[in-house]
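In: One predicted model, sequence on top.
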Amino acid sequence: MKITLIAAATLTLGALTAQADEIRVLNWQGYGTDLNWATDAFAQSTGHTVVHEYFNSEQEMLTKLRTNPGAYDVVMINAVFTPQAIEEGLIAPIDVTTLANYSGIPAAFANDPKLVNDGAVYGVPWTWGLTSFAINTQAFDSAPASIQALWDPVHAGRISIRDDALEAMQIGALATGQDINDITDLDAVTAKLAELMPQLRTFWSSENDWNQYMAAGEMDAATYWSGSAARSAAMGLPVQFVVPEEGAIGWLDGLSIPATSRHTEAASLFIDWMIDPAFYVQWDAEGAPASANADAAAALPDDAFNKVVLGDPSIMERVHFQDATSPETREQYLQIWQTLKAAQ
Amino acid sequence: MAGTLNMTDRRRLAMLLTPAYLWLLIAVFLPLAAMLFFSFLTKMPQDGPDWAITLDNYSAFLTNPTYGTLLIKSLQLGMIVSVICVIIGYPCALVLAKSIKGRAREALFLMVILPFWSNSLVRIFSWAIVLRGNGVLELTLNAVLPFDLNLNLMFTTHAVVIGLVHSYLPYVILTSYLALQAIDDDLIDAARSMGASKLTILRRLLLPLSLPGLLAGVVLVFVPVVGSFMEPRILGGRMGTYYGTLIEDQFVAVYNWPLGAALSFILLAVVLVILAVASPVLKGART
C-alpha cells in the first residue's frame, strides 16, 4: 500500500522533477526521518535520496539554519520554535495543496497559530505527544491520580526528572495549578520545585538513561514522554504512563522547508511521505510518538498505545499545549533552575 | 650566552624553534584567543548580525550568586580529591620507589598506569555499575558480611569523589615516584646509620626532597578536577551540579557560548591566582 501511495504522489508531483535529487534533512538523531526502511522506500519510489544531519538542541538547529544557507531541504522544528524561525526568515511557506496526506491533519493542528503566519503554512504538523510522568508499576498498587505523587514522602529518593529548565518549571506550574504558558506565581513554582529536589534520585537526560535507571530499580516514578513510555513498556519494563488530573504538557513537532532549500519539490514529497499513514503504522510498531495526521492515527491497530491512551477524549481534555516561550523567559527559568540545582 | 650568538647560529636557532612556536600558536593560542573574544560578545556572530562587545558575561558572574557558590563548591571538590590522592598516592609511590625491586615493581607500575589506557568515560560508567544500589559492590559486601548493608553510594558526593580519585590518582603516584626515585639510597643509609627512625627519615629527608614531585602531582590533579563535569554528571545525580557542569550546560544545552566562555576564563583566572599564591611554597620546595 505504501508503495502505491508514494507512486501516486510521485505521478502527480514527481513527474515535474526529471532528475533525482539528494535532500538533506535536519532532525534529532533516531527520530523517525532517518529510519533506513523509510528512506529506502522513499528513494525507491521517488528516486530522491535522503541524507541526514543532526542537532542536539533547538538552539543548535536554529544556528545551523542561519549559518548554512542552502544546506538543508527539510528541518524538524518543535512548534514552539517555529515562530522564531519564521520571524528570522529561516523557513519558507509550504504549498500544502501538493501534499496528498495533508487533508488528514485535523484543523486544531493544521491551523495552529505557531505554524501558520498570514495564512501561509510554514510547518506541517508531524508528531505530537505528552510530557508527564511514568511509574514503576511494582512500586505503586494503582496508578496515582495526581501529580503530587512525585512529592509523596513514600517515594523519597526514588523520583527523577529531566535536567531541563523549561520542563521542570512547567511541571512545577502543573503541580501548583498554574497555566504552563503563563506562570504568574514564579515563587510558588520555585518553592514547589525546591521541595521536589530532596525527593530526586538523579536527573535523567536521555531515553536510554531513563530505561537504564528504571531497569536497575533506581526509580519509582519519573517524568517522561508519552512515546518513550510506550517504547519502554514494549521493551518489557514495568512502566505505566500517567496523565494526572492536573493535566500534562503537550508538544507538537512540525516539518518545515528552509527558505534557502534548492530541492523544495523533493522536500515536499518527503514531508508528504512522513505524514503518510502507511509510514506511520510501520513506525508506530517500533515505538513512535503520536501522529498529527488523524488518518494515520486511525490506521493503527486497536491496541496501540497511541490509539488507546492518546485517542481518549477525556485525556485530550487535560492536555495543555506548549506556546512559544520568549528567550527572556527561558533565561529566567534557566536561572531559577540553576539556582535550585546549585543549592543541593 | 645568547649575546654571543653569531648570525648562522641565530638563523639555525630560529629554524629549530619555529615549528614548536608555530604549533603553540595554532594549537593553544588561537583557540584560546577565539574563546576570549567570544566571552566579550552579546551573542555569537553566526547567530545574527546584531552582536556587540559587552562585559555582561563577566558581570553575570558577580551579580548571580549561583555561579560563585558553584565555583567554591568545585574548588572544595578539587581540594578534597587532591588531599585523598596524596594520602593514597604518596605511600604507594614510596613503596614502589624504595621497597619493591625488580619484576614486582614493573607489575605494580603497570597496574598504576593501566587505568590510563582505558577511556575515562568507560571508567566512570564502570564505577556507576559498581556503586549503584544492588550493584557489584553492594552484592559482594552483602555476600561476605553477616548483616545486610545498604550503601546507597550512587548519586552522592562520595560517588563523585571516588570516581575522580580513581581517575587522577596515577598523576600523584607517577610524579611522586619520579621524585622519590631520584633520592640517593646512600642518603637514607647515612641517616639510618646515625640513628634516625623511619618516621624521621620520612619527615626530614624523603618528604622535603620529593616535595616538588608531590606538588606537581597535586597541581595536575587539582586543576582538572575543579573544571570536571563528566564525572559529577554521571555519578553525582542531583548532587552533581558543579562549576564544570554549569559551563558544559552553557555550551551544550542552552547554546550560550559567550557566557560559557566567560565562565571558563573566570575559572582559569581563579586557578592561576591560586597557583600564584601557592608558588612561593612551590619554589621553596625546590631549594
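Out: Sure thing, it's come through. Numbering: from 1, shown residues only, chains lettered A, B, ... in the order given.
In: Could you list the buried residues of the one helix or strand residue B:207 maps to?
Out: Taking DSSP states H and E as the criterion, residue B:207 maps to helix B:207-226. Across helix B:207-226, burial judged by 16 or more other Cβ atoms under 10 Å in any protein chain shown covers B:209-226. Where you see a C-beta, it was placed from the backbone N, CA and C, and this is true even at glycine.
In: ok, which residues in the stretch 1-150 of chain B are in contact with chain A?
Out: B:44, B:46-48, B:64, B:66, B:69-70, B:73, B:132-134 (Cβ under 8 Å from any Cβ of the partner chain).
In: Restricted to helices, list those.
Out: Those of the residues of the stretch 1-150 of chain B next to chain A mapping onto helices are B:66, B:69-70, B:73, per DSSP state H.
In: possible to save those as TSV with pLDDT and neighbour count?
Out: TSV is the format used below for those (pLDDT from 0 to 100; neighbours: other Cβ atoms under 10 Å in any protein chain shown):
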residue	pLDDT	neighbour count
B:66	91	20
B:69	93	15
B:70	94	22
B:73	95	19
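In: since we're on residue B:168, how many residues are nearby?
Out: By other Cβ atoms under 10 Å in any protein chain shown, the residues close to residue B:168 number 25.
In: isn't it right next to residue B:83, touching?
Out: No: using Cβ atoms under 8 Å, residue B:168 is not in contact with residue B:83; the gap is 12.0 Å.
In: shared neighbours of the two, anything?
Out: Common neighbours of residue B:168 and residue B:83 (criterion: Cβ atoms under 8 Å, 6 or more residues apart in numbering or on different chains): none identified.
In: Helix, strand, or coil at residue A:52?
Out: strand (DSSP: H, G, I helix; E, B strand; the rest coil).
In: Check the secondary structure at the closest residue to it other than its chain neighbours for me.
Out: Sequence neighbours aside, residue A:34 is the residue nearest to residue A:52 in space, at 4.7 Å (criterion: Cβ to Cβ, 6 or more residues apart in numbering or on different chains). Three-state secondary structure (criterion: three-state DSSP) places residue A:34 in coil.
In: can I assume residue A:34 is in contact with residue A:27?
Out: Yes: applying Cβ under 8 Å, one finds residue A:34 in contact with residue A:27, separated by 6.8 Å.
In: give me phi/psi at residue 156?
Out: Reading this off chain A. phi -50, psi 130 (degrees, to the nearest 10).
In: that answer is for a different chain, and I need it for chain B
Out: The phi/psi pair for residue B:156 (degrees, to the nearest 10) is phi -130, psi 170.
In: all strands for the stretch 151-300 of chain A, in order.
Out: Counting by DSSP state E, counting those that start in this stretch, the stretch 151-300 of chain A has strands at residues A:159-162, A:200-204, A:221-225, A:239-242, A:248-258, A:290-291.
In: Out of these, which is the most enclosed?
Out: Using mean count of other Cβ atoms under 10 Å in any protein chain shown, the stretch among these with the greatest mean number of neighbours is strand A:290-291 (a mean of 28).
In: what's next to that strand, contact-wise?
Out: A:126-129, A:226-227, A:275, A:277, A:280, A:284, A:297, A:306, A:310.
In: Equivalent analysis for stretch A:304-320, please.
Out: The contact list for stretch A:304-320 (Cβ under 8 Å, 6+ apart) reads A:129-130, A:174, A:179-181, A:226-227, A:229-230, A:233, A:241, A:243-250, A:284, A:288-291, A:297, A:300-302.
In: got it, and stretch A:31-40?
Out: By Cβ under 8 Å, 6+ apart, the list of residues contacting stretch A:31-40 reads A:25, A:27, A:49-50, A:52, A:74, A:76, A:126-127, A:270, A:273-274, A:279, A:282-283, A:286, A:288.
In: if we go to 6 Å?
Out: Stretch A:31-40 is contacted by residues A:25, A:27, A:50, A:52, A:279, A:283 when judged by Cβ atoms under 6 Å, 6 or more residues apart in numbering or on different chains.
In: which one among those residues gets closest to residue B:234?
Out: Within those, the smallest distance to residue B:234 is 26.6 Å, found for residue A:27 (Cβ to Cβ).
In: Leaving out sequence neighbours, find the closest residue to that closest one.
Out: Nearest to residue A:27 is residue A:76, by Cβ to Cβ, 6+ apart, at 4.1 Å.
In: Where in the chain is the helix or strand with the lowest mean pLDDT?
Out: By default, I'm working from chain A. Every helix and strand of chain A was ranked by mean pLDDT, DSSP states H and E. The lowest is helix A:2-12, at a mean of 54.
In: not what I meant, chain B
Out: Going by mean pLDDT, DSSP H and E, chain B bottoms out at helix B:136-144, a mean of 83.
In: helix or strand right after it?
Out: For helix B:136-144, the following helix or strand on the C-terminal side (DSSP H and E) is helix B:157-181.
In: Just the buried residues of that next one, please?
Out: B:157-180.
In: And stretch A:331-340, by the same measure?
Out: Quick answer for stretch A:331-340 (16+ other Cβ under 10 Å): A:332-334, A:336-340.
In: With stretch B:93-105 instead?
Out: B:93-94, B:96-98.
In: quick one: low-confidence ranges for chain B?
Out: Applying pLDDT under 70 to chain B flags residues B:1-4, B:282, B:284-287.
In: center of it, which residue is that?
Out: residue B:221 (2.5 Å; Cα atoms, centre = their mean).
In: That one touches residue B:82, doesn't it?
Out: Yes: if you go by Cβ atoms under 6 Å, residue B:221 and residue B:82 touch, sitting 4.9 Å apart.
In: Give me the common contacts of those two.
Out: Contacts common to residue B:221 and residue B:82, judged by Cβ under 6 Å, 6+ apart, are absent.
In: So which bits of the helix or strand hosting residue A:26 are buried?
Out: According to DSSP H and E, residue A:26 maps onto strand A:22-27. Across strand A:22-27, burial judged by 16+ other Cβ under 10 Å covers A:23-27.
In: re the thing from before, next SSE after the helix holding residue B:207?
Out: Downstream of helix B:207-226 (by DSSP H and E), the next one is helix B:230-236.
In: which strands and helices sit next to that next one?
Out: helix B:157-181 (3 or more Cβ pairs under 6 Å, 6 or more residues apart in numbering or on different chains; DSSP states H and E).
In: The helix it packs on: how far from the chain's middle?
Out: 9 Å (Cα atoms, centre = their mean, to the nearest Å).
In: And the strands in the stretch 1-150 of chain B, which stretches?
Out: Using DSSP E, counting those that start in this stretch, strands in the stretch 1-150 of chain B do not occur.
In: from the contacts of stretch A:304-320, which ones fall inside helices?
Out: A:174, A:226-227, A:229-230, A:233, A:284, A:297.
In: which of the residues you listed sit farthest apart?
Out: Counting by Cβ to Cβ, the most remote pair of these is A:174 and A:284, 27.1 Å apart.
In: interface residues of the stretch 1-150 of chain A facing chain B?
Out: A:57, A:59-60, A:63, A:67 (Cβ under 6 Å from any Cβ of the partner chain).
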